[in-house]
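Undergrad: Sequence first, predicted coordinates after that:
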Amino acid sequence: MNIYIGNFAEDVTEDNLRELFATYGNVESVKLIKDKFTGASRGFAFVEMPAKGEAQNAIDGIKDLKGRMVVVNEARPQTDSPRGGGRRDSRGGSSGGGFRRGGRY
């Protein structure tokens, strides 16, 4: 089961997460999400646990990490974000109306 954990401090590492979740069972992988420009933790991660029962126990049991309350639940599949601002055409611009500079119509 893929588990989302969020709202943790910036200094939490993948090893901290692996150790915490391992108290509930086998941890297959840990993916700490980092800012692509600074490399700093964004405060959330995904933990994969193969046994659904162990994963559910971790979801039910983990409430805080390093003294900070955290959010732990089953990860939902990624979907198209409504924040994307509409479809893009092959030129990289918005496909919605309006005028283009320098183009012929």
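TA: Alright, I've got the coordinates. Numbering: from 1, shown residues only.
Undergrad: Show me the helices in the chain, by range?
TA: 14-22, 52-61 (DSSP state H).
Undergrad: could you give the mean pLDDT of the last one?
TA: The pLDDT scores in helix 52-61 average 98.
Undergrad: where does the chain have low pLDDT?
TA: Applying pLDDT under 70 to the predicted model, the residue ranges of the chain that meet it are 80-105.
Undergrad: what would the helices of the chain look like in a markdown table with mean neighbour count?
TA: For the C-beta atoms, the positions are set from N, CA and C on the backbone; glycine is no exception. Conversion of the helices of the chain to a markdown table gives the following (neighbours: other CB atoms under 10 Å):
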| stretch | mean neighbour count |
| --- | --- |
| helix 14-22 | 17 |
| helix 52-61 | 16 |
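Undergrad: how far away is residue 17 from residue 58?
TA: Per CB to CB, to the nearest Å, residue 17 is found 11 Å from residue 58.
Undergrad: what residues do these two have in common as contacts?
TA: Contact criterion CB atoms under 8 Å, 6 or more residues apart in numbering; residues shared by residue 17 and residue 58: residue 47.
Undergrad: returning to that earlier point: who wins for proximity to residue 40 among the helices of the chain?
TA: helix 14-22 (13.8 Å; CB to CB).
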